[in-house]
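>>> Structure of the sequence below:
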Amino acid sequence: MPLDGLNAAPNRSRAAWALGTFALFFGIGLAALLLIARGAAFATWGDGGYWAIGIAAAGAVALAAGLMHPRISAPAIGGMALAANTVGAAFFLAIPGAIYASGHDGLAYALGLGAGFLLLQLIVAPRFASSGAVSLPGLLTARFPGAAVAWLSIFIVSASMVAMLSAGLIAAGLAGMRLLGVDFTTATVAASGAMLACFIVRGVGGSEAPNSVLYPLMLVAVAVPLVMLSAEWYGLPIPQLAFANSLWQLQGIEENLLEQDLADPAFMKPMLTAFLTLSPINFVGIVLGMAAGIAALPNVLSSPLSGTSQRVGRHTALWGLGCVALLLTLAPALATYARQTMATLIADRTPVAELPGWIFTYGKLGLVHVCGQAATDVATVMQACAGLPDASPVLRLQDIIVDQDIVALALPEIAGLDGVLMGLMAVAVIVAALITAHAPLSIIGSALGFDANDVFDEHARTVRLASYAVSGAVIIAATALAILRPAGIIDIATWAVVLSAVGLFPAVVSALWWPRANAWGAAAGMVAGVGSMIAYLVVRHYFPVPFYELTSTLSSGGRIGLEAFGELRDAWMSAEPGAAKDAAWLDLSEQARSLANWWGIEGPASALLAIPIGFLALVGVSLVTPAPRRAETTP
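Numbers count the residues shown, from 1 in each chain. Prediction:
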């Protein structure tokens, strides 16, 4: 419940009551966690208990946030809240998983997130803090009045935030699967219901200060198992330093796997080998696209940065940068330790019949596959491996596939640590997913005009109820996308950030720094940025042959690719009408799809093209249309 308009005494009373309630909930949760760790009579419900603790902790944070004053004045508190809001459950799980799966190339996501905070601290946060805006849509509509920018920002913000919410729900659903032993759909729906409940408890407004508690929770959840492993394996309880030893050991183990025919060279992606998954230009494109997106992400430009001075805004973003950097430096260590444990398991020539129990724990959830089958039990695994053309009695690297999205959650079990550490990680994921959803939901409601904060006003109550209905609809859409799970968490979260980059970053920068920019230019920049990215991706996929024929000089395929395309094109033209011609066209289209690009740019890296196009459109249209009135040029 926001406290604007109430006198100072009720403010202090409500804040004290909120903090007391918050402490009580957390005390109960931590006490239960300690009892579980001691293996008391709670062992029968232990995993489900972690789920309950996560929901209770999220409810406590939501209640405290709803009752405290919405303004954050301490940069350190705001910085931790900002870091927690940005990383959330999605990147918390996804970045270590991306590094685990792709090695060096997975660092693009971590570097992009860190670079985004640096960009935020340098050019966006100070001006946004002093602009008087409480949200990104509020800044854009105030600086660029008119229906065009308002509706375009609603569309882009809504699409970006639904994708981000979906990524968070996938993370919470995976944690729920592991803790409750239910299917992914059930766990995700349960998480979405808890998410809506936390939003209602918190209210439309409220303080972001309690969100700051998420950061130490996430940091402890990641750091404790890593410190334990670093101290046990290398005698150095500093993961950021100790994991260098793990990297060199892992490199030796992977070379040994190749020598002993325990790994297929086509399947292995060595941790230290660069650009096996991403080309250099796509690596750079993801880093820059994420950096621009984080700097313009609607849930980042919210309460922790609003309504303060430039100095406080800059310091808040600087604290956020430091917090995010500390958390990101642990991600490579987590991924490397998980990779080393897996590689050691294979190098020890572990028989298929003697696989560790964690494989079957996650295999029953469909998250670990051995020899092409979900590893539900020993008999299933042995039968699947025996049916392979090159069957082997021992586990090989290509025989096992671990869903990269659960690597961070499963590390304590993969490394043989106490199960309570997995529970702590799951609690952090659940709390982060439920609490950080408030900013996206509030921003979408605010963009649609549902931002009433005074519960004592009858009209405001109606608007508040409408905001809850809108939030429920948004959560349903995000839940549907999460259940479909069209891609991994890292892909969905990255696309959410990149959409903000191409659609909002040029408008945000010009709103804060260029008085000559006007509403026509901002609208043109939004349309050009998003439109060019969508057009590039759609044409490449659905019309690859004409696209490549028109722009082959820009393709990364080179002379060899052009010659191969020409041969397939001649074969298609000379084929007899019917099945033969259709088959030749499919071959030609497939070849063209691999060549139809500009300078090799693919996927989220298309932000490299779309962001400059958006800036050019914004500047060009602003210069050829009337300048804005003086009152509109001050952010």
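
>>> where exactly do the strands run in the stretch 51-200 of the chain?
For the stretch 51-200 of the chain, no strands turn up when DSSP state E, counting those that start in this stretch is the criterion.

>>> Give the residue spans of it that score low on pLDDT.
Applying pLDDT under 70 to the stretch 51-200 of the chain flags the ranges 69-73.

>>> Mind doing that once more with 80?
65-74, 129-135 (pLDDT under 80).

>>> and if you look at the stretch 201-350 of the chain?
Checking the stretch 201-350 of the chain against pLDDT under 80 turns up 203-210, 299-310, 312-313.

>>> same for the helix of greatest length in the chain, what does it pack against?
Using DSSP state H, we find that the single longest helix of the chain is helix 310-347. Where contact means 3 or more CB pairs under 8 Å, 6 or more residues apart in numbering; DSSP states H and E, helix 310-347 is packed against helix 75-102, helix 107-119, helix 125-130, helix 214-234, helix 239-259, strand 400-402, helix 407-414. Heads up, the C-betas are built off the backbone N, CA and C, glycines and all.

>>> so of those, which one's packed in deepest?
helix 75-102 (a mean of 27; mean count of other CB atoms under 10 Å).

>>> Between helix 407-414 and it, find me the angle.
With axes from the mean of the first three to the mean of the last three CA atoms, to 10 degrees defining the directions, helix 75-102 sits at 70 degrees from helix 407-414.

>>> Run the angle between helix 75-102 and helix 310-347 for me.
Using the same axes, to 10 degrees: helix 75-102 against helix 310-347 is 30 degrees.

>>> Please name every helix or strand in contact with helix 75-102.
Using 3+ CB pairs under 8 Å, 6+ apart: helix 75-102 touches helix 107-119, helix 147-180, helix 214-234, helix 310-347, helix 407-414, helix 419-435, helix 489-513.

>>> quick one, which of those is nearest to I444?
helix 147-180 (5.4 Å; CB to CB).

>>> got the buried residues for that closest one?
Buried residues in helix 147-180, counted by 16 or more other CB atoms under 10 Å: 148-150, 152-154, 156-179.

>>> Give me the contacts around stretch 506-516.
123-124, 127-128, 131, 136, 139-140, 143-144, 149, 153, 295-296, 301, 517, 521-522, 525-526, 529, 611, 614-615, 618-619, 622-623, 627-628, 633-635 (CB atoms under 8 Å, 6 or more residues apart in numbering).

>>> so of these, which ones are in helices?
Per DSSP H, these map to helices at 127-128, 136, 139-140, 143, 149, 153, 295, 521-522, 525-526, 529, 611, 614-615, 618-619, 622-623.

>>> Whichever of those residues end up buried, select them in ChimeraX.
Selecting only the buried entries of these in ChimeraX, with 16+ other CB under 10 Å as the criterion:
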select :127,128,136,139,140,143,149,153,295,521,522,525,526,529,611,614,615,618,619,622
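
>>> Would you convert the helices and strands packed on helix 310-347 into JSON lines that also reports distance to I443?
Output for the helices and strands packed on helix 310-347, formatted as JSON lines (distance: least, CB to CB, whole Å):
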{"stretch": "helix 75-102", "distance to I443": "11"}
{"stretch": "helix 107-119", "distance to I443": "17"}
{"stretch": "helix 125-130", "distance to I443": "14"}
{"stretch": "helix 214-234", "distance to I443": "18"}
{"stretch": "helix 239-259", "distance to I443": "34"}
{"stretch": "strand 400-402", "distance to I443": "35"}
{"stretch": "helix 407-414", "distance to I443": "27"}
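
>>> Out of these, the one nearest W51 is which?
Closest among the helices and strands packed on helix 310-347, using CB to CB: helix 407-414, at 12.9 Å.

>>> ok now the closest one, how far from the chain's centre?
18 Å (CA atoms, centre = their mean, to the nearest Å).

>>> Extract the residue ranges of the stretch 401-550 of the chain that are flagged as low pLDDT.
446-467.

>>> follow-up on the earlier one: got a markdown table for the helices and strands packed on helix 75-102, with distance to G78 too?
As requested, these are exported to a markdown table (distance: least, CB to CB, whole Å):
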| stretch | distance to G78 |
| --- | --- |
| helix 107-119 | 13 |
| helix 147-180 | 20 |
| helix 214-234 | 11 |
| helix 310-347 | 4 |
| helix 407-414 | 26 |
| helix 419-435 | 15 |
| helix 489-513 | 19 |
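
>>> of those, which approaches I200 most closely?
Closest to I200 of the helices and strands packed on helix 75-102 is helix 419-435 (CB to CB; 11.9 Å).

>>> Could I have the CA atoms of stretch 382-389 written out in PDB?
Provided in PDB are the C-alpha atoms of stretch 382-389 (Å, rounded to 0.1, in the frame of the first residue of the first chain):
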ATOM      1  CA  MET A 382      20.700 -49.600 -20.600                       C
ATOM      2  CA  GLN A 383      18.200 -50.600 -23.200                       C
ATOM      3  CA  ALA A 384      18.500 -47.300 -25.000                       C
ATOM      4  CA  CYS A 385      22.300 -47.400 -25.100                       C
ATOM      5  CA  ALA A 386      22.400 -51.100 -26.200                       C
ATOM      6  CA  GLY A 387      20.200 -50.100 -29.200                       C
ATOM      7  CA  LEU A 388      22.700 -47.600 -30.600                       C
ATOM      8  CA  PRO A 389      24.600 -48.600 -33.700                       C
END
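
>>> Kindly format the C-alpha coordinates of stretch 121-130 as CSV.
C-alpha atoms of stretch 121-130 as CSV (Å, rounded to 0.1, in the frame of the first residue of the first chain):
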residue,chain,number,x,y,z
GLN,A,121,25.3,4.0,-15.4
LEU,A,122,27.0,6.3,-17.9
ILE,A,123,24.3,7.8,-20.1
VAL,A,124,20.8,6.7,-19.0
ALA,A,125,20.4,6.5,-15.3
PRO,A,126,21.5,10.0,-14.3
ARG,A,127,19.2,11.8,-16.7
PHE,A,128,16.3,9.4,-16.1
ALA,A,129,16.6,9.8,-12.4
SER,A,130,16.2,13.6,-12.6
